[in-house]
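>>> just coords:
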């Protein structure tokens, strides 16, 4: 049993109970952490209701637009002043418009936006939210981090392989992984580790609205040696990075995808 008693954890990216970030929050709370969670305007009521049901501390919860450095500071600073240095930080944020991800809506007869036509401004906004925000959050959090703190982000294998319905978001995930590597090097003098989990496809609210996701889940059953994963599978791995078990692990991309990433042909093909 991992003992995180009195550790301070901050999570960016909870939208509802299907979120990987929320499942990580549950694991951290069960291990003894004091967990603090931000929210965005559109899901504020749902997130706060969810946190109250599960008895999280909501007094320090705050709306945070990760494009705004001041809002990040306004969220982290009261936690730091009241409870001390931050031990664990989860970046679980991603956003891409339909034009960036190049997908069709379920039931639509319209063709998917073309990859070659991805609008620059929309791509830059999605990069700002999905990738650069890891650098921005880390910069704000740096003076508030404990020695041996752990920063973790969530990525996806589309950074390395083609998933047509992910398109421009794959650019963001590739950038996110590179930012993670350079942060791992940057933070070496403070013994702060920075890692990423490359999660398999989880049926969150966001992914459920993309046409073709269910086909990918069906494919996962036969391609991945261990089949599809759940948000809890990712959260249990995250707990390893949010513990003393991983004190010498940094710059790592850890696949939690049932083995999907290793396969060239379906695992169950005869």
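Received the coordinates, thanks. Please read these numbers as outputs of a predicted model, since none were measured by experiment.
>>> Identify the spatial nearest neighbour of residue 77, chain neighbours not counted.
With sequence-adjacent residues excluded and distances taken as Cβ to Cβ, 6 or more residues apart in numbering, residue 77 is closest to residue 144, at 7.5 Å. Where C-beta positions appear, they are placed from N, C-alpha and C, glycine not excepted.
>>> Help me confirm that the one you found comes into contact with residue 89.
No - the pair residue 144 / residue 89 is not scored as a contact, 9.4 Å apart, by Cβ atoms under 8 Å.
>>> and residue 87, which of the three is it?
Per DSSP: H, G, I helix; E, B strand; the rest coil, the secondary structure class of residue 87 is strand.
>>> And for the one 3 residues further on?
In terms of secondary structure, residue 90 is strand; the call rests on three-state DSSP.
>>> shouldn't it be in contact with residue 24?
Yes - using Cβ under 8 Å, residue 90 is in contact with residue 24, at 5.7 Å.
>>> Okay, helices next: where are they in this protein?
For the chain, applying DSSP state H gives helices covering 20-30, 44-53, 69-83, 98-101, 120-127, 133-141, 168-186, 205-208, 213-223, 231-241.
>>> quick one: low-confidence ranges for the stretch 151-270 of the chain?
Scanning the stretch 151-270 of the chain for pLDDT under 70 picks out the ranges 204-213, 267-270.
>>> Nearest residue to the middle of this structure?
Centroid-nearest residue in the chain, with Cα atoms, centre = their mean: residue 92, separated by 2.2 Å.
>>> Now that one. Its backbone dihedrals?
When read as degrees, to the nearest 10, the backbone of residue 92 gives phi -130, psi 50.
>>> Excluding residues flanking it in the chain, which one is nearest it?
residue 13 (3.0 Å).
>>> can you state the direction angle for the strand ranked longest in the chain and strand 86-91?
Among the segments of the chain that qualify as a strand by DSSP state E, the longest is strand 145-155. If you take axes from the mean of the first three to the mean of the last three Cα atoms, to 10 degrees, strand 145-155 sits at 20 degrees to strand 86-91.
>>> so what's residue 101 up against?
Counting by Cβ atoms under 8 Å, 6 or more residues apart in numbering, residue 101 touches 165, 166, 167, 168, 169, 210.
>>> Run through the residues that contact the fifth one.
Put plainly, it is residue 169. Neighbours of residue 169 in contact, by Cβ under 8 Å, 6+ apart: 94, 96, 100, 101, 126, 130, 156, 158.
>>> quick check, nearest of these to residue 112?
Of all the contacts of residue 169, the one with the least separation from residue 112 (Cβ to Cβ) is residue 101, at 8.8 Å.
>>> Give me the pLDDT for the closest one.
Residue 101 carries a pLDDT score of 93 in this model.
>>> And for the one 4 residues further on?
Residue 105 is assigned a pLDDT of 77 by the prediction.
>>> Based on its surroundings, how many neighbours for it?
Using other Cβ atoms under 10 Å, the number of residues around residue 105 comes to 11.
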